[in-house]
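S.K.: sequence and predicted model, in that order:
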Amino acid sequence: MSVQQNIDFIFNNRSAQLNRVTTSNGPLTFIGEWVAEWKVSGVAKKDYQRLRNKKFMGLQSSKKGSCIVPVSKESDRSETFQIMKYNHRSTRIRIKAPNGFFLQVSKEGHVTADSKGNGGWRDDDPSVFEMKIGRQFDGEFQVTNGYGKLAPKVMREHWTTFITEDDFKFMSSNGINTVRIPVGRWIAFDPTPPAPYVGGSLKALDNAFSWARKYGMKVIIDRVLKLTVQLALLEMAKHPSLYAVELLNEPCAPYVTLEKLKKYYRAGYNAVRKHSSTAYVIMASRMQYGMKPVDPTELFPLARELKGSAIDVHYYQIFMPVFKKMNHQQNIDFVYTNTSVELNRLIKPKNPQIFIGEWATEWGTANLAHPSLSKKTIEDYKNFGKAQLQVYGKATFGWAYWTLKCPFSNLSFEWMIKNGYLQL
């Protein structure tokens with residue numbers, strides 16, 4: 001937020017947004033994402049601002065000064081911005097542009113890169129912003145890019161300690177027979193993936209398959225973002241623990257059209273079938289902003305055509321505004337009525353198999369950052385979890401909880417089981 005002009009400039013892990021700010025090309029109401037970590041353990045990294053049209057922001061001279069404009073789809077020095085923090089207040093920042101000057105916001109709401117940044121850190125300085133972070137960067141790109149040369153060591157430690165054989169033993173002993181594992185496109189190039197990723201992810205996946213087999217579990221490989229990742233499946237295709245391959249996770253409507261999605265799914269199905277005739281192919285239904293699902297029946301004709309396929313739907317009662325107005329009993333009633341009716345509509349005998357690929361025992365009034373402040377009782381959670389297990393148990397392809405481990409305890413399957421909140 002611009003401190004002087006009180007104009008929002010909000011960052012989170014997916015997007016940045018400018019409200020009422022204009023550039024030389026007119027209003028600028030949405031900036032797509034920050035690409036890169038700020039700075040980790042003293043390792044300085046580049047920061048890029050990428051627009052929703054996939055172009056990176058850069059500078060262009062105009063009568064109003066050096067203005068921010070979309071310049072290229074490839075990041076370079078000319079699109080590099082630096083975040084400079086105030087020593088005595090870490091949320092107060094300046095944004096240094098490639099030309100050596102700082103961004104500032106005029107009274108008219110124009111953003112230009114022509115401030116020397118020498119006005120101190122007072123509220124009346126138009127180059128001073130207050131940074132509001134909605135969520136920390138937590139993707140593998142951000143971690144490896146942020147740690148730089150330290151990334152191989154950091155990732156090796158993560159792969160060998162975060163998920164271990166004991167976790168598979170725990171899941172198996174608690175009645176879980178399948179694990180859903182996300183993979184990224186860079187795994188196809190392991191052990192030498194493109195920068196900033198580091199080698200080792202394929203070995204971690206190998207370990208998971210071995211542990212799954214040892215404890216009688218199956219594996220669903222999920223979020224195969226590009227068909228080139230199928231190359232990584234060559235070694236896995238004949239593994240007895242491979243149960244299914246999910247081609248994409250949560251495609252977002254309307255940006256992903258139905259026709260494009262069907263074309264992708266058909267190509268992905270054929271790619272999987274080249275390596276395995278038995279593995280199921282899962283096709284995720286589209287989601288709208290706020291995690292509102294699109295009617296999954298739009299994929300039924302394609303699924304009926306592609307033998308050995310299933311459709312993935314996600315049921316969350318956290319993100320949509322309607323759930324924020326409900327108390328715990330109303331959320332439970334919603335599961336037994338609305339969601340149950342929806343599932344009954346989807347799981348008729350001649351319909352494709354339905355997989356509830358993600359759900360969690362939390363609802364819209366959650367205080368994830370401070371769960372101790374929640375007024376919900378353990379009985380509330382138990383009853384909510386019981387309702388979900390009863391209803392989701394009707395899914396013809398089964399369900400998967402999100403996720404095994406999570407810093408937010410009520411989203412962590414492991415924590416919910418160990419603390420008696422969920423009983424399978």
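M.R.: Perfect, thanks for sending it. Residues are numbered from 1 along each chain as shown.

S.K.: this protein: helices as residue ranges?
M.R.: Secondary structure of the chain (DSSP state H): helices at 140-147, 151-161, 165-173, 201-214, 258-275, 300-305, 321-324, 328-334, 340-346, 378-392, 413-418.

S.K.: distance to residue 125 added to these, as TSV?
M.R.: Using the backbone N, CA and C atoms, a C-beta is placed for each residue, glycine as well. Formatted as TSV, the helices of the chain follow (distance: least, Cβ to Cβ, whole Å):
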stretch	distance to residue 125
helix 140-147	29
helix 151-161	36
helix 165-173	51
helix 201-214	45
helix 258-275	46
helix 300-305	56
helix 321-324	37
helix 328-334	46
helix 340-346	53
helix 378-392	48
helix 413-418	45
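
S.K.: per-stretch mean pLDDT over those, give me the minimum one.
M.R.: The weakest mean pLDDT among the helices of the chain belongs to helix 140-147, with a mean of 84.

S.K.: any idea how far residue 256 is from residue 310?
M.R.: 19 Å (Cβ to Cβ, to the nearest Å).

S.K.: neighbour count for these two, which is higher?
M.R.: For residue 256 and residue 310, the more surrounded residue by other Cβ atoms under 10 Å is residue 310, and the numbers stand at 22 against 16.

S.K.: that one touches residue 353, doesn't it?
M.R.: Yes. Residue 310 lies in contact with residue 353 (Cβ atoms under 8 Å); the separation is 4.1 Å.

S.K.: mutual contacts of these two, please.
M.R.: Taking Cβ atoms under 8 Å, 6 or more residues apart in numbering as the criterion, residue 310 and residue 353 both touch 280, 396, 397.

S.K.: in TSV: those residues, plus neighbour count.
M.R.: Shown next, in TSV, are the shared contacts of residue 310 and residue 353 (neighbours: other Cβ atoms under 10 Å):
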residue	neighbour count
280	20
396	16
397	21
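
S.K.: quick check, nearest of the residues you listed to residue 403?
M.R.: Set against residue 403, the nearest of the shared contacts of residue 310 and residue 353 by Cβ to Cβ is residue 397 (18.7 Å).

S.K.: separation between that closest one and residue 384?
M.R.: 23 Å.

S.K.: ditto for residue 263
M.R.: Taking Cβ to Cβ, one finds residue 263 at 39 Å from residue 384.

S.K.: over to residue 414?
M.R.: 18 Å.

S.K.: which of these two has more residues huddled nearby?
M.R.: Per other Cβ under 10 Å, whichever of residue 414 and residue 384 has more neighbours is residue 384, with 23 against 17.

S.K.: surely the more buried one is in contact with residue 333?
M.R.: No. Using Cβ under 8 Å, residue 384 is not in contact with residue 333, being 10.5 Å away.

S.K.: which regions of this structure sit below the pLDDT cut-off?
M.R.: Scanning the chain for pLDDT under 70 picks out 1-58, 60, 62-65, 67-80, 133-138, 224-235, 290, 368-374.

S.K.: can you pull up the most central residue in it?
M.R.: Geometric centre of the chain, nearest residue: residue 139, 7.8 Å, by Cα atoms, centre = their mean.

S.K.: domain ranges for the chain?
M.R.: 9-130, 155-418 (automatic domain parsing).

S.K.: compare these and report which one is nearest to residue 147.
M.R.: domain 9-130 (5.2 Å).

S.K.: the residue nearest to the centre of the chain and residue 309, how far apart?
M.R.: Counting by Cβ to Cβ, the gap from residue 139 to residue 309 is 28 Å.

S.K.: next: residue 410.
M.R.: For residue 410, the distance to residue 309 - Cβ to Cβ - is 33 Å.

S.K.: also residue 94?
M.R.: Going from residue 94 to residue 309 by Cβ to Cβ gives 52 Å.

S.K.: can you check residue 130 too?
M.R.: Using Cβ to Cβ, residue 130 is found at 49 Å from residue 309.

S.K.: neighbour count winner among those two?
M.R.: Using other Cβ under 10 Å, the more surrounded residue of residue 130 and residue 309 is residue 309, with 22 against 17.

S.K.: that one is in contact with residue 273, isn't it?
M.R.: No. Counting by Cβ under 8 Å, residue 273 is not a contact partner of residue 309; they are 10.4 Å apart.

S.K.: which residues do the two both contact?
M.R.: Shared contacts of residue 309 and residue 273 (Cβ under 8 Å, 6+ apart): residue 281.

S.K.: got the contact list for the residue nearest to residue 182 when sequence neighbours are not counted?
M.R.: Among residues not flanking residue 182 along the chain, residue 223 sits closest, at 4.4 Å (Cβ to Cβ, 6 or more residues apart in numbering). For residue 223, the contact set (Cβ under 8 Å, 6+ apart) comprises 182, 183, 184, 246, 248, 249.

S.K.: what about the nearest residue to the fifth one once chain neighbours are set aside, how many neighbours?
M.R.: In space, not counting the residues next to it along the chain, residue 248 is nearest to residue 284; the distance is 5.3 Å by Cβ to Cβ, 6+ apart. Other residues lying near residue 284 total 24 when counted by other Cβ under 10 Å.

S.K.: which strand residues bridge residue 284?
M.R.: In this entry, residue 284 is beta-bridged to residue 312, by DSSP bridges.

S.K.: that one against residue 251, yeah?
M.R.: Yes. Using Cβ under 8 Å, residue 284 is in contact with residue 251, at 6.2 Å.

S.K.: anything in contact with each of those two?
M.R.: With Cβ under 8 Å, 6+ apart as the test, residue 284 and residue 251 reach no residue in common.

S.K.: next one: the closest residue to residue 208 other than its chain neighbours from residue 251, what distance?
M.R.: Nearest non-adjacent residue to residue 208, counting by Cβ to Cβ, 6+ apart: residue 181, 5.8 Å away. Residue 181 sits 19 Å away from residue 251, going by Cβ to Cβ.

S.K.: settle it for me: which of those two has more neighbours?
M.R.: Neighbour totals were compared for residue 181 and residue 251, and residue 251 leads with 20 against 16 (other Cβ under 10 Å).

S.K.: got phi/psi on the residue nearest to that one when sequence neighbours are not counted?
M.R.: Leaving aside its sequence neighbours, residue 251 sits nearest to residue 286 (Cβ to Cβ, 6+ apart; 5.1 Å). Backbone dihedrals for residue 286, given as degrees, to the nearest 10, come out at phi -70, psi 150.

S.K.: since that was my last question, I'll sign off now.
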